[in-house]
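coords below, sequence missing:
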């Protein structure tokens, strides 16, 4: 699975899904594996575990807690079939298909994204920070980077061709809007220091100066 | 036609696996072979950057093994050579997404279309290493003339033997002839004594490598680069030619020649 940070409003929580595990040994392994895959910046988030219809003894719970502590996370809650549904901010961390958080229209992210980090948002995305090469920003709507965009940005991921990508410094490794994929031409080193915006015009991705 | 799968590995990081992969691949292509470079360093991919192909990546090796796309869709054609392709590693996906079995199937698939499949192995001896060597016919071990690097290479050779790759060959990278002459650096014979495997080549330390790596253009393309020349020789040995080993005097001769030319000019 991939470690993807899904944005919700406010602080997020992690959810480890142990429903499918047969027996306690498998649960421990799955917990270990899931936590190994969590990015460091998520590790301060509280963790919930979903055990489905299974039951845990006191001792087994303590063992799982020990695994979590060794990875620097704390157990918040154990979820089973009988307990109420969690709040909307819960992030499942061991599902291969990204579940998009049902949050507001626009997500604001106040940090830099580094190589290997990937952020998804269903609506628009505003980033106060830089997108480094190797990082990915994917949004259903528009993407606005108040900083340097040097990594990969994919706006209108569900097919919205009117989505735009704007950045103070627009130097993406690769730029995608809806199902169009573009990159800067080889050997060309254009130095533009104005904010720019990329959008689809007549079936092509074009880059224009951003006018306020 | 059945392609050869060569894994380039070292155990220790930073000794030049990726540089070696990029340069050998390019050199082999320049000798009219069809080559694919396979980056298995999932999560810390570099080969695409060294080859200058980073901005072309759409699909990666994880997409291929999980059936998300076809091999042909993920292969990136080099911008300079027709017979050179890159299959990039994933950057944002889970590194355990690939199993040795899947890698073996992948390399066997690639064998049908390519003369050489060069697998760039990640540092370390964990899952990534096991994946990288899974489909390999032979291994190329890269080591620098440092005790730590040679120790790790020894460990790697042991692991390769355990996995059935018994005729690994060695590339000594970043050798500084002057330091060896002064006795400040391990020399080629010392290293071969310790590792007791066949020597495939010696690549001298060369500042041009830093430049070419940063530009995304392999050094073998530059005729003036000494490391590039060494990689071309290694590539010729790989296709079975008998090429004498790099000799330590080469560099001093070159320096002498330069000095002479300089004097003549004055």
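Cool, the structure landed. Note that the coordinates shown come from a computational prediction; the quantities given were computed from them, not determined experimentally.

so where's chain A shaky on pLDDT?
Low-confidence segments of chain A, defined by pLDDT under 70: A:1-13, A:37-45, A:81-104.

quick one: the helices in it, in order.
For chain A, applying DSSP state H gives helices covering A:23-36, A:58-70.

deepest of those, which one?
Among the helices of chain A, helix A:23-36 has the highest mean neighbour count (mean count of other CB atoms under 10 Å in any protein chain shown), at a mean of 16. Glycine gets a C-beta too; all of them are placed from N, C-alpha and C.

in the stretch 151-266 of chain B, what residue is nearest chain A?
residue B:216 (9.7 Å; CB to the nearest CB).

need the helices of chain A in a markdown table with distance to residue B:205, can you?
Shown next, in a markdown table, are these (distance: least, CB to CB, whole Å):
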| stretch | distance to residue B:205 |
| --- | --- |
| helix A:23-36 | 37 |
| helix A:58-70 | 42 |
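
now for those helices, which one comes closest to chain B?
helix A:23-36 (7.2 Å).

what's that closest one packed up against?
Applying 3 or more CB pairs under 8 Å, 6 or more residues apart in numbering or on different chains; DSSP states H and E, we find helix A:23-36 packed against strand A:13-17, helix A:58-70.

cutoff 10 Å now
Counting contacts by 3 or more CB pairs under 10 Å, 6 or more residues apart in numbering or on different chains; DSSP states H and E, helix A:23-36 packs against strand A:13-17, strand A:47-52, helix A:58-70.

of all these, which one is nearest residue A:141?
strand A:13-17 (24.7 Å; CB to CB).

now that closest one against helix A:23-36, angle please.
With axes from the mean of the first three to the mean of the last three CA atoms, to 10 degrees defining the directions, strand A:13-17 sits at 140 degrees from helix A:23-36.

off-centre distance for strand A:13-17?
14 Å (CA atoms, centre = their mean, to the nearest Å).

state the next helix or strand along the chain beyond the host helix or strand of residue B:174.
Element membership for residue B:174, per DSSP states H and E: strand B:169-175. Sequence order places helix B:177-182 as the next helix or strand after strand B:169-175, per DSSP H and E.

helices along the stretch 151-266 of chain B, start to end?
B:177-182, B:188-195, B:207-215, B:226-238, B:249-265 (DSSP state H, counting those that start in this stretch).

for the closest residue to residue B:11 other than its chain neighbours, give me its contacts.
Once flanking residues are discounted, residue B:11 sits nearest to residue B:152: 3.4 Å by CB to CB, 6 or more residues apart in numbering or on different chains. By CB atoms under 10 Å, 6 or more residues apart in numbering or on different chains, residue B:152 lies in contact with B:9, B:10, B:11, B:12, B:13, B:15, B:123, B:124, B:125, B:141, B:143, B:146.

near chain A, which residues of the stretch 1-150 of chain B?
B:42-46, B:48-49, B:52-58, B:62, B:66, B:79-80, B:90-97 (CB under 10 Å from any CB of the partner chain).

please repeat the previous calculation with a cut-off of 8 Å.
Residues of the stretch 1-150 of chain B lying near chain A by CB under 8 Å from any CB of the partner chain: B:43-44, B:54-58, B:79, B:91-94, B:96-97.

out of those, the closest to residue B:170 would be?
residue B:44 (24.2 Å).

between the helices and strands packed on helix A:23-36, which gets nearest to residue A:106?
strand A:13-17 (21.3 Å).

what helices or strands is the closest one leaning on?
Taking 3+ CB pairs under 8 Å, 6+ apart as the contact cut, strand A:13-17 packs with helix A:23-36, strand A:47-52, strand A:90-92.

tell me the strands beside that strand, with direction?
Applying DSSP bridges to the sheet, strand A:13-17 is found paired with strand A:47-52 (parallel), strand A:90-92 (parallel).

quick check: buried residues in the first one?
Within strand A:47-52, the residues scored as buried using 16 or more other CB atoms under 10 Å in any protein chain shown are A:47, A:48, A:49, A:50, A:51.

rewinding a little: state the distance from the residue nearest to residue B:11 to residue B:115.
30 Å (CB to CB, to the nearest Å).

and residue B:218, by the same measure?
18 Å.

between these two, which has more neighbouring residues?
residue B:218 (30 against 19; other CB atoms under 10 Å in any protein chain shown).

quick one: what helix or strand has the nearest residue to that one once chain neighbours are set aside in it?
Residue nearest to residue B:218 in three dimensions, not counting chain neighbours: residue B:26, with 4.1 Å by CB to CB, 6+ apart. Using DSSP H and E, residue B:26 sits in helix B:17-30.

pLDDT on the next helix or strand after that helix, on average?
Once the chain leaves helix B:17-30, the next helix or strand it forms, by DSSP H and E, is strand B:35-39. Strand B:35-39 carries an average pLDDT of 97.

got it, and stretch B:218-235?
Mean predicted confidence for stretch B:218-235 is 93.

distance from the chain centre to that stretch, please.
With CA atoms, centre = their mean, you get 12 Å for stretch B:218-235.

what about that stretch, how long is it end to end?
Start and end residues of stretch B:218-235 are separated by 14 Å (CA to CA, to the nearest Å).

just the buried residues of that stretch, please?
In stretch B:218-235, counting by 16+ other CB under 10 Å, buried: B:218-221, B:225-235.

just stretch A:175-184 next, same as before
A:175, A:176, A:177, A:178, A:182, A:183, A:184.

my guess is the fourth one contacts residue A:142. True?
No. Using CB atoms under 8 Å, residue A:178 makes no contact with residue A:142, being 11.8 Å away.

overlap of the contact sets of these two?
A:155, A:156, A:163 (CB atoms under 8 Å, 6 or more residues apart in numbering or on different chains).

any chance of those in CSV, plus neighbour count and distance to residue A:75?
Conversion of these to CSV gives the following (neighbours: other CB atoms under 10 Å in any protein chain shown; distance: CB to CB, whole Å):
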residue, neighbour count, distance to residue A:75
A:155, 28, 37
A:156, 24, 39
A:163, 23, 39
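
wait, which of those residues is closest to residue B:212?
Once CB to CB is applied, the member of the shared contacts of residue A:178 and residue A:142 that ends up nearest residue B:212 is residue A:155, at 34.6 Å.

and that closest one, how far is that from residue A:203?
16 Å.

again with residue B:231
Distance from residue B:231 to residue A:203, by CB to CB: 43 Å.

how about TSV for the contacts of residue B:152, with distance to residue A:55 and neighbour count added?
Shown next, in TSV, are these (distance: CB to CB, whole Å; neighbours: other CB atoms under 10 Å in any protein chain shown):
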residue	distance to residue A:55	neighbour count
B:9	47	32
B:10	49	26
B:11	45	25
B:12	48	20
B:13	45	13
B:15	51	25
B:123	43	18
B:124	39	16
B:125	39	16
B:141	52	27
B:143	54	28
B:146	55	15
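
no more questions from me, cheers.
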